[in-house]
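Colleague: Just the structure for this:
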Amino acid sequence: MVTIYTAVWCAYCHAAKEYLDKLNIPYTDKDIEKDPAAAEESVTKSNQMGIPVIDINGTIIVGFDRPKIDQALKDNKLI
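Modeller: The predicted structure follows:
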């Protein structure tokens, strides 16, 4: 399961979601501005305030780091 913590104004969040869409990876998008619980989850998982935070079956990636995303997707047999 893939969860991505985002905000509408975040360009890297949009890029990360577009990348997952391109790979046909289903994900849950949690908007940290509309959902305070999602914001808290994001900080708890990443120990940071930055977004996007991408949770790929427990592998936490902060930012749009394509090589790390690809590796986590491969490790979890999603690609």
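Colleague: What is the three-state secondary structure of the most centrally placed residue in the chain?
Modeller: The residue lying closest to the centre of the chain (C-alpha atoms, centre = their mean) is residue 54, at 2.2 Å. Put simply, residue 54 is strand when judged by DSSP: H, G, I helix; E, B strand; the rest coil.
Colleague: Skip the chain neighbours and tell me the closest residue to it.
Modeller: Distances taken as C-beta to C-beta, 6 or more residues apart in numbering put residue 61 closest to residue 54, at 4.4 Å, once the chain neighbours are dropped. C-beta coordinates here come from the backbone N, C-alpha and C atoms, glycine included.
Colleague: helix, strand or coil for the one you found?
Modeller: Following three-state DSSP, residue 61 is assigned to strand.
Colleague: count of residues packed around it?
Modeller: Here the count is done by other C-beta atoms under 10 Å, and residue 61 has 20 residues near it.
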